[in-house]
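> Okay, here's the prediction I keep looking at, along with the sequence it came from:
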Amino acid sequence: MNTAPHEHRIAEVRRDTTETKILVRIDLDGSGAAQLATGIGFFDHMLDQIARHGLIDLHIEAQGDLHIDGHHTVEDVGITVGQAFAKAVGDKKGIRRYGHAYVPLDEALSRVVVDFSGRPGLHMRVPFKAGMVGALDTQLVYEFFQGFVNHAGVTLHIDNLHGDNAHHQCETVFKAFARALRMALERDPRMAGVVPSTKGTL
């Protein structure tokens, strides 16, 4: 019986445009360590939730045109993180594929469901109660997840079920996203070496 530990699923991706310069390193089998520098403090705080609650080691350096606004930085980080996930997860053999989580924070409650389907799709219903949280425009949360799903090739459903405080709403979304990722990416010992699809490919 082969009891050798699995290799870590790691990736590094760089994105260099006239608007942003981004470096992402991830380890899907990490301990939740994060080094984050996007220039938007609250966005760093949200990315830290992905690392901590997804048990993903996440290193992100981003230099963007923040003198204009945060749009390009947040969207391009989503794109680059999505590319890194796609690279790290590989052929998806042996993963659980589906993940879901409900996460509360005081009055706020969010549900996130993810499928590493190979098909990008985003449904997001989050009625933010404020336009800004810190220096993050809450409209850009959608842009982050849209960039992520397009390049990670996942289907993602995000619903904020309750919430009166935009900080709480946003934090429950990112924490639930992290926990759903953790479930979906977990290796299933009953599916070792098998692609979790009747098509045989994802």
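Great, that's in hand.
> mind listing what the closest residue to residue 188 other than its chain neighbours touches?
Excluding its sequence neighbours, the residue lying closest to residue 188 (Cβ to Cβ, 6 or more residues apart in numbering) is residue 96, at 5.0 Å. Where C-beta positions appear, they are placed from N, C-alpha and C, glycine not excepted. Under the criterion of Cβ atoms under 8 Å, 6 or more residues apart in numbering, the contact partners of residue 96 comprise 183-188, 191, 196.
> all strands for the chain, in order.
Per DSSP state E, the chain has strands spanning 10-16, 20-27, 34-37, 57-64, 98-105, 108-115, 121-125, 132-133, 136-137, 155-162. These are given in chain order.
> which strands and helices sit next to the third one?
Just to be clear, that refers to strand 34-37. Using 3 or more Cβ pairs under 8 Å, 6 or more residues apart in numbering; DSSP states H and E as the contact criterion, the neighbours of strand 34-37 among helices and strands are helix 41-54, strand 57-64.
> contact partners of that strand?
Residues contacting strand 34-37 (Cβ under 8 Å, 6+ apart): 44, 47-48, 51-52, 57-62.
> thinking again about what came up before, residue 110: which of the contacts of residue 96 is nearest?
For these, the closest approach to residue 110 (Cβ to Cβ) belongs to residue 183, at 15.2 Å.
> Take the helices and strands packed on strand 34-37 and lay them out in CSV including distance to residue 127 and mean neighbour count.
Formatted as CSV, the entries for the helices and strands packed on strand 34-37 read as follows, by distance: least, Cβ to Cβ, whole Å; neighbours: other Cβ atoms under 10 Å:
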stretch, distance to residue 127, mean neighbour count
helix 41-54, 18, 20
strand 57-64, 27, 20
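> picking up where we left off before, for residue 145, see how far away the residue nearest to residue 188 is.
Remark: distance between residue 96 and residue 145 (Cβ to Cβ, to the nearest Å) = 21 Å.
> Low-confidence regions, the protein specifically.
1-5 (pLDDT under 70).
> my guess is residue 40 meets residue 73, correct?
Yes - with contacts defined as Cβ atoms under 8 Å, residue 40 counts as touching residue 73 at a distance of 6.6 Å.
> thought residue 55 was touching residue 31?
Yes - the pair residue 55 / residue 31 is scored as a contact, 6.4 Å apart, by Cβ under 8 Å.
> Same drill for the two, tell me which one is more crowded.
Remark: of residue 55 and residue 31, residue 55 carries more neighbours, 19 against 10, as counted by other Cβ atoms under 10 Å.
> Now the more buried one: closest residue in space that isn't a chain neighbour?
The spatial neighbour of residue 55 that comes closest, neighbours along the chain excluded (Cβ to Cβ, 6+ apart), is residue 32 at 5.0 Å.
> ok, now which ones touch the one you found?
With Cβ under 8 Å, 6+ apart as the criterion, the residues that contact residue 32 are 51-57.
> show me what contacts residue 25?
10-12, 57-60, 84.
> tell me which of the residues you listed is nearest to residue 174?
For the contacts of residue 25, with residue 174 as the reference and Cβ to Cβ as the criterion, the closest is residue 58, at 11.9 Å.
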